[in-house]
Structure formats: C-alpha cells, structure tokens
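# Requesting a structural model of the entry that follows:
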Amino acid sequence: MAFVQESCTIGGKEIIVETGKWAKQSGGSVVVRCGDTSLLVTATGSQQPRDIDFMPLTCEYQEKFYAAGKIPGSYFRREGRPTTEETLVCRLMDRPVRPLFPKGWFIDTQIIANVISYDKVHPTDVLAMTGASAAIHISDLVWDGPLVGIRVGYIDGKLVANPTFAERKLSTMDMVVACTKDAIMMVEGEMHEVGEALIIDGMLFALEAAQPLIKLQQKLRELAGKPKREFTKPVADEALFAKVKELGLDDLAKAMATREKKKRGAAISEVHKKVAEQLTAEGQPWAGKRKDVDGAWSKLVKKHARSQTLATKKRIDGRDLDEVRPITIEVGVLPKAHGSALFTRGETQSLAVATLGTKYDEQKVETLLGDLKKQFYLHYNFPPFSTGEVKPIRGQSRREVGHGFLAERSVARILPQYEDFPYTIRVVSEILESNGSSSMASVCGGSLALMDAGVPTTSPVAGIAMGLMKEGDDYAILSDILGDEDHLGDMDFKVTGTKVGICALQMDIKVDGLTRKILEEALGQARRGYLHILDKMNQALPAARDELSPNAPRIITVQIKPDKIRDIIGPGGKTIRALVEQTGAHIDVSDTGVVSIASSDARSLEQAQALISGLTMEPEVGQYYSGVVKRIIEIGAFVEILPGTDGLLHISEISNERIRAVEDVLKEGDEVIVKCVKVDRDGKIRLSRREVLEAKPGPEEINNFVV
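Numbering: from 1, shown residues only. Have a look, this model is predicted:
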C-alpha cells in the first residue's frame, strides 16, 4: 500500500490524515494529526459472520502515557483498564458509527484508537471519531460513511469549531457533533444554561464545518482504499411477514394496549410464542426457522407501534405525545445520609444520595493533561432487578459510565463555587426501576438530594428524555419516552436544564431529513417538559435546606500568610499531625495559605481553629499574652507567647520592684502573663510583666495560644 497523506483546515487548525505506513495488516489504518497530537486508528473485521442476531462492534480508545512523555503512576507502571474518560470517548466513537453499518452485518468488527502523541493543546476525542470513520472508509468493511466529529464552542458571541483546551475555558458551550455529508448523527454536550436556538445553530454549524473532512476521507479512499468485501444484505421474507401479520396482528394490538410495562411485555410474549409455534410446527414452510420468524415478529411489533402512534397521536401507554408520566418525590428518605431523594416518574425510579466530604475525599485522576482532582462526582448504578432481570454484577458497564457522566455534567452546573463551599461532593444514583430514561431521573434525584443535604445550589435542574417517530413528512415528537419507544423510534435525545436554559444534551439520530423546524419543535417541547418536572420538584422541596445535614462535616477556612504555612506543617509534617491527633479535625493547607478545617464536632473545630490561629498569629504591640518561660539568661528570660514565637522579658520588666536576679522570680516552665511592648524591625519582640502587674488585665484581655 502506497503512503498517502491529505490535510484540510477546520476552525483554523490543520488536520492531517495519512495511511500506508502504520499497521498495514489491519483492515484499515490511519494516523490523524492536529498540532502535535496524533492518534493511530485501526478498523478490522473478521472474515466470517457469526450466527447471531446483533452487530458485534467494539470500539476501543487508549491513552498511551508515553504520548505526553509520562510514566503511568500505577503499581505496575503500565496502562490498565479503561478510565472513565477513555470509556466516554469509546462511546463517542461507537454511537455514530454503529448505525452506518448495513442491517445483517454480523461480522466481528473492532475499531481501536491509540493516542500516540499529545500536545495538551488539541483534544483527542473528535480526532478519534474522525479517525474511526477514515479507518473504516478505506478498509474492506461495508458501511454508509464517512462521518466527522466536530466540537463546537461559543466564545465571545461566535461559534468556534474544534476549540483548543484554552479556548474551551472561555466557552459557554462544549458540544460534540457527529456529521455525515448530509445529516447529523449524534450530539453530546454541556452548556451554561443556553437557549435552544443557539444549540440548533451549533449543530448546523458543525454540519457545515465537517464538509472538508468528509471530502478528505472520500479522496483518501480514492487513493488508498481497499475493495469492499462482498456483502449481501438479508432479504426480507415478505410471505413470512404477511403470515405473521395475519396470525398475530389482532392479538398484538390488544397486548400493546396494556399500560403496565411488565404485563404488556408478558402479553406480547404470549402472542409471539403462539404465532411462532404455529409457523415452525412440523410440515410448515418455516419449520426449523425460528430465528426468521422472530425477526418477522419484531418487524411487525415495530411497524404496528409506530403506525399507531403516528395515526392516533397517542402513545403505547395511552398518553398524549407531550404528556409526562405521573411524578412522586420524597426527600430525606435515608436518616443517616447527608441528603437523599426518591424520585419516581412512571415506572422509572431513582434513589439519589448526596454525601459531603473534605479535601481528603477528592477523586484523583491521572490523565495525559496531568494529575487532576475532582471535587464533585456522580456515580450511577443500574442493577438487573431494576428491569426484572437476573444478571451477574461485574462492575460498571460502559452504559452506566455514560449515563452517569450525562447526569454529572448536568448537576455540576448548579453547584456553588468550591471557594464558597469547600466540600468534596459525591452523588450516587441507584436505579430501582427502569422504563425510560433513568439518567434523567438521576439528574432530578441528584439535584433534590443536594438540596436536601443543604448544599447551596444555584437552582434546581431537571431532565427529560424525548423521542421522534418519522415516516415521510409525518412525524411525532414524544416527551418522556418509554423504553419501548426508545427502541422503536428514529431519534432519542435527553435534555437537562434549569428555568434559565439548557445545561446538557445528548442526542442519537437514526433517520435523515431532520429540518430546523423539527429540531426547534423537539427542543421547545423538551423545555416545556423539563419545566413541568421542575415545578413538581419545587413542590417537594422549594429550596436548599437552610442548614447542612447534622450528619455532614462542618468546614471552616482560615486565610494565613503563605510564609506561615511551614509553621502549621512543621518539620516532616510533625506539627499538623499533632494538631489532627489532638483535635480530631481534618486539616488541609493549600499553597495559597487557605487552611481548611473539617469536623462534625463543633468543639473540635473551635479547638483546631484556635491552635492554628496561635501558630500563625503575629504578636501585636499592646496585647497581653499568657506565655511560658523557655530560657533564663543573665539579663532576663525568653518567654514563648505564641507557638514557636519567643520574646525577651528584660530583668527590669519582670517586677515593679528592683530584683537582684531573674531566678528570684521566675524559673523555666513557669506560666507568666506578659505584655508585648515593642517589635523591632528585625522581628525581635520586647515583653513586660511590670506593666501587667500595674494594669491588672481581665481574663478576656489575655491571649492564650501556647498549649
């Protein structure tokens, strides 16, 4: 294979795609470059199809630490299982690529993207999406691409394609869009409470910005593409479908009218079983072809459900198109948790729990950008009993990672600044029932749990899952979709927002021909839906609790001079360890001199604060101090008035009478009340006991910081 290199410019940044040099035994391989960031992406398919009824596609994304000149910090000093960030990029690659493979593609297909060079300027996720498309497009694998991944930002009133990390910090929108030549396939992003019009503008902007990379991949295929393998799409057995429809449609219609999910599923399964047994009985044309019969049955279910919805403008469960299922909310359901909420919408239920921690609870993440610390994280759990199934629990699935991240980025928008509320916050969403968008239930439940914990959120946030069914020019937009409607529809999208605007968006599109009008209608209907849910949430809990949960730790902060940090830490950390042991409080000191003290015990907080004040306080002229005699010399005594801070008590200032020797009045270890009378330019402190004896200060005037 000859070496081929093509390039184009997106958002003012050159993107180079080359093939013919790297990984030539794969089905297709490309290196995608932007700046000094490079990814090697390969696409390979097995030679023979499997006897299955689903597409066996796997997408892998791996960040190699050598790409940024780093050695992994793990015990084994090598890359391990995919991180959350890597898993999220895998999903970005998979979701738009999968629908473009032909129906009946049962060939094991694997796409692997490796980050091999990283400049910490240009993000890798959209390059991985484009690289996946290019690798498939030049390979022998059959599909309907190419596609392109474009990130859209909004900076200073302008839409920006593929912003750098520095530019993203200035942006009020961070949206990733997957586009083919004529259509948008996927949208994923977060926003600073923006309006629907800007989001639609961003999507159409991405479609236009993607075209040079579409043309680049087409040219790359012309110059270096392999011949596509022979593939015959499965031909539908129309006679079988007609027979299935004849035998089962009437009973299917009755079964589909059942409102409750489990009863509806059982009724449909019963009709399915009856029809399949008739058609596969001995002597029948389809004897021994149960898989074909099952395929025809699935087709009938989909056609019937879609046609009924479009014709009647009523849903599977009898709802109007824009009707949200009944919502019930309880808060404070777990007495020992810091904050909790049970959010139920129809047959979807989330138990959301908020826990407040200290700086020691921050999540440490090792990335190519460097070691990061997260003060907020949301975990989403989807146990099998939530859908009435029995499955082994083997850790978090990619789906759970993706759903949790969508909820996390939504809830993160309403959190107070860490400087104003210095807590590490963890929210866990346990899905107890699922029939339609448990991730959006997690957003609602998570927002309520934080408010129940007393976290001063800027506003509540809610989410809703939407769907679309489209046949020709006829279409129906569905609010708060069921699991069945998600499977049967042409588009599903999830929208979260506050009363001000949209916070996050996730969209998967399976149909061409989406106009701006349809998108405007869909997002407008979504806004009405999540505002309705917000009203229900406000009825249950109008605002965050006035006080933190009594079970949560209290955190106070003290600002000290940076040059005093060493006084708190002590040699080898000796002083701070002693403070923690003595008070029982968690104490953390930042490089800027912000000291965080955390404890659930008010007395412990006060004690730690007083000790830290003593360690960092500087003596003031005119103040009285209770100190300890540390050393006696001929002309006086050195008295420690603050931890580690001594002053000279001259022999003439020890008593209001003349004394012969210091030892006549004081000895080492004595506690003595003194007054600071002078602090020299060189920091030397002059003390007087004589003035104390004359003034006789009250206990409230005496500072006692030496323990």
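
# Centre of the chain to stretch 313-323, how far?
Here stretch 313-323 is found 32 Å from its chain centre; the criterion is Cα atoms, centre = their mean, to the nearest Å.

# Just the mean pLDDT for it, thanks.
Model confidence over stretch 313-323 averages 92 on the pLDDT scale.

# all numbers from here: first residue = 3
Done: numbering now begins at 3, and the last item shifts to stretch 315-325.

# got the buried residues for that stretch?
Neighbour-count burial for stretch 315-325, counted by 16 or more other Cβ atoms under 10 Å, picks out R317, I318, D319, R321, D324, E325. Just so you know, the C-beta spots here come from the backbone N, C-alpha and C atoms, and that holds for glycine as well.

# Among these, which pair sits farthest apart?
Using Cβ to Cβ, these span at most 15.0 Å, a distance reached by I318 and D324.

# thinking again about what came up before, which one of the buried residues of stretch 315-325 is nearest to S592?
D324 (49.5 Å).

# Tell me the pLDDT of the residue nearest to that closest one when sequence neighbours are not counted.
Computed as Cβ to Cβ, 6 or more residues apart in numbering, the closest residue to D324 that is not its neighbour in sequence is S481, at 4.7 Å. Looking at S481, its pLDDT is 96.

# who touches S481 in this structure?
By Cβ atoms under 8 Å, 6 or more residues apart in numbering, S481 lies in contact with L323, D324, E325, V326, I466, M468, Q527, A528, R530, G531.

# repeat for V582
Applying Cβ under 8 Å, 6+ apart, we find V582 in contact with H588, I589.

# Let me know the pLDDT of it.
pLDDT for V582: 90.

# Likewise for the one 3 residues further on?
pLDDT for T585: 90.

# what's the one helix or strand I466 maps to packed up against?
If you go by DSSP states H and E, I466 is part of strand 464-473. Counting by 3 or more Cβ pairs under 8 Å, 6 or more residues apart in numbering; DSSP states H and E, the packing neighbours recorded for strand 464-473 are helix 292-314, helix 440-455, strand 476-481, helix 485-490, strand 493-499, helix 518-542.

# partners of the fifth one in the sheet?
Sheet partners assigned to strand 493-499 using DSSP bridges are listed as strand 464-473 (antiparallel), strand 504-511 (antiparallel).

# Which is the succeeding secondary structure element to the longest helix along the chain?
Secondary structure of the chain per DSSP state H: the longest helix is helix 198-226. Counting by DSSP H and E, the next helix or strand C-terminal to helix 198-226 is helix 240-258.

# which parts of the helix or strand following that next one are buried?
As assigned by DSSP H and E, the chain's next helix or strand after helix 240-258 is helix 263-281. Of the residues in helix 263-281, K263, R266, G267, A269, I270, V273, H274, V277, A278, L281 count as buried by neighbour count, 16+ other Cβ under 10 Å.

# Which residues does helix 263-281 contact?
Contact with helix 263-281 is made by 242, 245-246, 249-250, 253-254, 256-258, 260, 286, 288, 292, 295-296, 299, 303, 318, 349, 390, 437, 484-486, as judged by Cβ under 8 Å, 6+ apart.

# run the last query once more with 7 Å
245-246, 249-250, 253-254, 257-258, 260, 288, 292, 295-296, 299, 303, 349, 390, 437 (Cβ atoms under 7 Å, 6 or more residues apart in numbering).

# same deal with stretch 232-250?
So stretch 232-250 is in contact with 104-106, 144, 273, 277, 280-281, 288, 294-295, 298-299, 301-302, going by Cβ under 7 Å, 6+ apart.

# Pull out the buried members of those residues.
V144, V273, V277, L281, W288, D294, V295, A298, W299, L302.

# L358 and G456 touch, don't they?
No. L358 lies out of contact with G456 (Cβ atoms under 7 Å); the separation is 8.5 Å.

# With neighbour numbers in mind, choose between the two.
L358 (24 against 20; other Cβ atoms under 10 Å).

# that older thread, for the contacts of S481, which PyMOL command selects only the ones that are buried?
Buried members of those, defined by 16+ other Cβ under 10 Å, are picked up in PyMOL with:
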select buried, resi 324+325+326+466+468+527+528+531
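
# Tell me the predicted confidence for the spatially most central residue of the chain.
By Cα atoms, centre = their mean, the chain has its centre lying nearest to F407, at 3.2 Å. For F407, the pLDDT comes out at 96.

# Kindly tell me how buried the nearest residue to I73 once chain neighbours are set aside is, as a neighbour count.
Nearest non-adjacent residue to I73, counting by Cβ to Cβ, 6+ apart: R79, 5.9 Å away. Number of residues near R79 (other Cβ under 10 Å) recorded here: 9.
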